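# would you be able to build a 3D model of this:
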Amino acid sequence: MSLDDSLIRPFAGLRPRGADAAAVAAPPYDVLSSAEARQVAIGKPWSFLHVSKAEIDLPPEIDHHAPEVYARSAENFQRLIAGGVLRRDSSPCYYAYRLCMGEHVQTGLVAVASIAAYDSNRIRKHEFTRPDKEDDRVRQIEALNAQTGPVLLAHPDSPQAEHLIASVTDSMPVADVLADDGIRHTLWVIDDAQRIAAISEVFGAMRTLYIADGHHRSAAASRVAAARRGGSHATAGAEYFLSVIFPASQMLIMDYNRVLRDLNGLSEDAFLAAVGERYTVTASDARVRPQRSGVCGMYLQGRWYRLEIQPGLVPASDPVRRLDVSVLSEQLLGPVLGITDLRRDTRIEFVGGMRGLAELERRVDSGEMALAFAMYPTQMADLMAVADAGQVMPPKSTWFEPKLADGLVSHLLD
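Predicted coordinates:
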């Protein structure tokens, strides 16, 4: 198999060296608000936030999608390169990337993945994308002539692939960063020709890869590649997109919980009665963190309840409708609470599992919200089943932790 039709391939990464990595590495562009990014980047001139969220270096009132923002991003990127803070490897490499969050450890491969495989659905999706968010990423890629935000991918478990990558991690890493949030990011270069060939062969034999996080980045990369083909700026690098690929069994999906502003005009008793028509409702003296599918926690008026869906209401053969988040929408959010558009309805908000169940209590006890649901996390097997079926998940179905860092490795398109 040639590089032209490979699922993944090595690339000459642009990266900080040694101690510079800690000064450069930053949270993903979509994790921090602009105001938060301004604060985090104070006193950190090399932080990659100056590239990924360049509006922080411009007046606060500027439109975040103004041409000046992308121009400043490119200027800051070139400044890091010209100053030697970021340097490109001399030959194509793979990289091993380890994330540690408390007791959780996952080790994957940094590579560039095929746009052709993405376009043909060999690299599979499970979410809709928004055109405005795609447009933003397209403009960022074109301004930098580089992809700097890696797409998080999962591969079906492969002991051979895991062994090849893990064998590198006994050596000295080229970057070892303990981020402000306590996540440890460790990077190794894989530049041995035999190991590179073996990795390419093992991954090339995989039937498919799955996008876990980064649907807008991958869609934007596909658009850039399509626009460049046959033009004066056609580049081989644009036919691949920056990715970090982990074994599916190592990936951690946390709960993505729901908080609601009101009970849709119902009294507490009437609402509980409606819930009881669909779920078995049990009051609890402790917080309810669901331990299996079919169960969710509910916090209402200072009290927790355990809800267990009646089995006949779960369409087991449908990979989307059997998801706990779908069941909640079909059985309660829509018919009882009148929320049918999770993307636009301002009566519902979503709370990632990293914030804990205490955050659900805080939002309700403060009076800001009336009701909270604690969800069982979507499982990787569910995500893969939805993608294999060519379907999409409801909004806010998955919350992956830990997050990849921006700036540790970038992919130049030329």
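
# all the helices of the stretch 251-400 of the chain, in order from the start?
For the stretch 251-400 of the chain, the helices defined by DSSP state H, counting those that start in this stretch cover 268-276, 324-328, 356-365, 380-388.

# and the residue nearest to G13 when sequence neighbours are not counted, what pLDDT?
Closest residue in space to G13, ignoring its immediate chain neighbours: V409 at 4.2 Å, by CB to CB, 6 or more residues apart in numbering. Backbone N, C-alpha and C define where each C-beta goes, glycine included. On the pLDDT scale, V409 is placed at 98.

# ok, V409 touching P10?
No - using CB atoms under 8 Å, V409 is not in contact with P10, being 11.5 Å away.

# so between these two, which is more surrounded?
The neighbour comparison of V409 against P10 (other CB atoms under 10 Å) goes to V409, with 27 against 24.

# measure the residue lying farthest from the centre of the chain to G276 for me?
The C-alpha centroid of the chain is most remote from D269, which lies 39.0 Å away (CA atoms, centre = their mean). The gap separating D269 from G276 is 10 Å, by CB to CB, to the nearest Å.

# same question, S6
Taken as CB to CB, the span from S6 to G276 is 55 Å.

# and those two? Which one has more around it.
Comparing S6 with G276 by neighbour count (other CB under 10 Å), the higher total belongs to S6, at 20 against 11.

# ok, that one - contacts?
S114, S200, G204 (CB atoms under 8 Å, 6 or more residues apart in numbering).

# helix or strand for the second one, which one?
This points to S200. Assigned by DSSP states H and E, S200 falls within helix 193-204.

# which SSE is immediately downstream of that helix?
Next along the chain after helix 193-204, taking DSSP H and E as the criterion, comes strand 209-213.

# residues in contact with the helix or strand following that following strand: which ones?
Toward the C-terminus, strand 209-213 is succeeded by helix 215-228 as the next helix or strand (DSSP H and E). Residues outside helix 215-228 that contact it (CB under 8 Å, 6+ apart) are 115, 118-119, 123, 125, 127-130, 133-134, 136-138, 140-142, 147, 149-151, 211, 234-235, 238-239, 241-242, 413.

# the very next helix or strand once past helix 215-228: partners in the sheet, and parallel or antiparallel?
The element immediately downstream of helix 215-228 (helix or strand, assigned by DSSP H and E) is strand 240-247. The strands beside strand 240-247 in its sheet (DSSP bridges) come out as strand 104-114 (antiparallel), strand 151-155 (parallel).

# quick check: angle from the first one to helix 193-204?
Angle, strand 104-114 to helix 193-204, by axes from the mean of the first three to the mean of the last three CA atoms, to 10 degrees: 90 degrees.

# could you give the mean pLDDT of strand 104-114?
pLDDT averaged over strand 104-114 gives 98.

# give the buried residues for it.
The neighbour-count check on strand 104-114 (16 or more other CB atoms under 10 Å) flags Q106, T107, G108, L109, V110, A111, V112, A113, S114 as buried.

# ok, stretch 309-316 next?
I309, V314.

# that one: end-to-end distance?
End-to-end distance for stretch 309-316, by CA to CA, to the nearest Å: 13 Å.

# all numbers from here: first residue = 27
New numbering, starting at 27: the last item is stretch 335-342.

# just give me how far it sits from the chain centre.
Distance, stretch centre to chain centre, for stretch 335-342: 29 Å (CA atoms, centre = their mean, to the nearest Å).

# who touches it?
Residues from elsewhere that reach stretch 335-342 (CB under 8 Å, 6+ apart): R304, Y305, T306, G320, V321, R347, R348, V353, Q357.

# kindly recompute the last result at 6 Å.
Stretch 335-342 has contacts (CB atoms under 6 Å, 6 or more residues apart in numbering) with Y305, G320, R347, R348, V353.

# how long is stretch 315-326 from one end to the other?
Terminal residues of stretch 315-326 lie 15 Å apart, using CA to CA.

# cool, and stretch 256-273?
Span of stretch 256-273 from end to end, CA to CA: 36 Å.

# repeat for stretch 224-244
Start-to-end span of stretch 224-244 (CA to CA) is 25 Å.

# average pLDDT across that stretch?
For stretch 224-244, the mean confidence score works out to 96.

# what residues of that stretch count as buried?
If you call a residue buried by 16+ other CB under 10 Å, then stretch 224-244 has these buried ones: 225-226, 228-229, 234-244.

# and what of stretch 74-86?
Residues of stretch 74-86 classed as buried under the neighbour-count rule (16+ other CB under 10 Å) are F74, L75, H76, V77, S78, K79, A80, E81, I82, D83, L84.
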